[in-house]
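Q: below is the sequence, then the predicted model.
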Amino acid sequence: MLERNSPAQTPRRARSIANLVDEGPLSRTFLYSAIKEGRLKARKAGRRTVVLDDDYRAFLQALPVIVVPGFDPGFDPGVGGRPDAGN
């Protein structure tokens, strides 16, 4: 007998815009703007707009990275204490 995969075992491959808004930090307006501009691939399933997980991941990876002036990503405050603490 074949066992059926439960929803918890089967990863989603696509999400609706409503699901993306509920799960993530981006707004509905931002997502639809990205779709209209061609930066986010979407598909239609009847009236519903869906985005494949791989396309959403690629879209997020393509967003600009924030560069903070003076920030050293290699600095570890847990190693040797603060550099200005007079150690």
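A: Thanks, I have the structure now.

Q: distance check, the residue most central in space within the chain against residue 20.
A: Centroid check for the chain by CA atoms, centre = their mean gives residue 60 as the closest residue, at 4.8 Å. Distance of residue 60 to residue 20, given as CB to CB, to the nearest Å: 10 Å. Placement of C-beta: from N, CA and C, glycine included.

Q: residue contacts, the residue nearest to the centre of the chain?
A: Residue 60 makes no contacts at all, as judged by CB atoms under 8 Å, 6 or more residues apart in numbering.

Q: max-length strand in the protein?
A: strand 48-52 (DSSP state E).

Q: and the strands in the protein, which stretches?
A: 14-16, 43-45, 48-52.

Q: contacting residues around the last one?
A: Looking back up the chat, that one is strand 48-52. Contacts of strand 48-52 (CB under 8 Å, 6+ apart): 13-17, 20, 31-32, 35, 40-44, 59.

Q: before we move on, the earlier item: wait, which of the strands of the chain is closest to residue 65?
A: strand 48-52 (21.7 Å; CB to CB).

Q: cool, thanks, signing off.
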